[in-house]
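[1] missing the sequence, but the structure's below:
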């Protein structure tokens, strides 16, 4: 199948598979199918333009916060590009998926805009994506499962970095985005059938009492391992700043 999502070479820890299955798709099925207000988070929380620094899990600092924002921005770039491409193509399996894509595309674009404003001139650049892979993951049969995967991954990524943040303003921004990503995850799960009576428990919009946080390494392995149409989705990413 030319539009297949290829997970064969994903990270050995199985992070992507775990998220896909948590969204209600077993491996074989997945292979086959494959809000913040207008003023933005930077305006709401008065974030200053921040300088670049390094991520640490042991010594929170203002510079460390910027590294985490750079990392978050990279993930938001990926989500924003995915939804923008899907909306532009305008080929969805259902009206519900189209509405979800349009709304979420606006949210992710706003996240990118405000994170870039918060970080300032040192903000990382958007990852370079393979056009063949993008076409594969936004195909009608692949868009929903891919969206569920990306949203679950985003939620676990923000949860994983929360304990490493120091500045109150940055914590507020992270929480504001984290909750919206969680709403996205629940919404797409519902559309994909998780809200139906008799649905698999793992596909519910809220499948468990606690979500598992993911480390930076686990998330990067997961997203850089994503493939579509036999091509690696991310061909280049600026990770030197986090």
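    Alright, I've got the coordinates. Keep in mind that this is a model prediction, so the values were computed, not measured.
[2] in the longest helix along the chain, what counts as buried?
    Longest helix of the chain, by residue count under DSSP state H: helix 62-89. Neighbour-count burial for helix 62-89, with 16 or more other Cβ atoms under 10 Å as criterion, is recorded at 63-87. For the C-beta atoms, the positions are set from N, CA and C on the backbone; glycine is no exception.
[3] And the spatially closest residue to residue 91 that is not a sequence neighbour, how close does it get to residue 146?
    With Cβ to Cβ, 6 or more residues apart in numbering as the criterion, residue 91 has its nearest non-adjacent residue at 5.7 Å, and that residue is residue 140. In this view, residue 140 and residue 146 are 11 Å apart by Cβ to Cβ, to the nearest Å.
[4] what does residue 221 give?
    Counting by Cβ to Cβ - residue 221 and residue 146 are separated by 17 Å.
[5] More neighbours: those two, which one.
    Neighbour totals were compared for residue 221 and residue 146, and residue 146 leads with 25 against 17 (other Cβ atoms under 10 Å).
[6] If you drop the residues flanking it in sequence, what lies closest to the more buried one?
    Excluding its sequence neighbours, the residue lying closest to residue 146 (Cβ to Cβ, 6+ apart) is residue 137, at 4.5 Å.
[7] do residue 161 as well
    Take residue 161 and drop its neighbours on the chain: the residue closest to it by Cβ to Cβ, 6+ apart is residue 68, 4.9 Å away.
[8] how about that neighbour, what does it touch?
    55, 161, 164, 165, 170, 174, 242 (Cβ atoms under 8 Å, 6 or more residues apart in numbering).
[9] The residues you listed into JSON lines, with extra columns for neighbour count, pLDDT and secondary structure?
    Below are the contacts of residue 68 laid out as JSON lines (neighbours: other Cβ atoms under 10 Å; pLDDT from 0 to 100; DSSP: H, G, I helix; E, B strand; the rest coil):
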{"residue": "55", "neighbour count": "17", "pLDDT": "71", "secondary structure": "coil"}
{"residue": "161", "neighbour count": "26", "pLDDT": "95", "secondary structure": "helix"}
{"residue": "164", "neighbour count": "19", "pLDDT": "95", "secondary structure": "helix"}
{"residue": "165", "neighbour count": "20", "pLDDT": "96", "secondary structure": "coil"}
{"residue": "170", "neighbour count": "23", "pLDDT": "95", "secondary structure": "helix"}
{"residue": "174", "neighbour count": "21", "pLDDT": "96", "secondary structure": "helix"}
{"residue": "242", "neighbour count": "22", "pLDDT": "87", "secondary structure": "coil"}
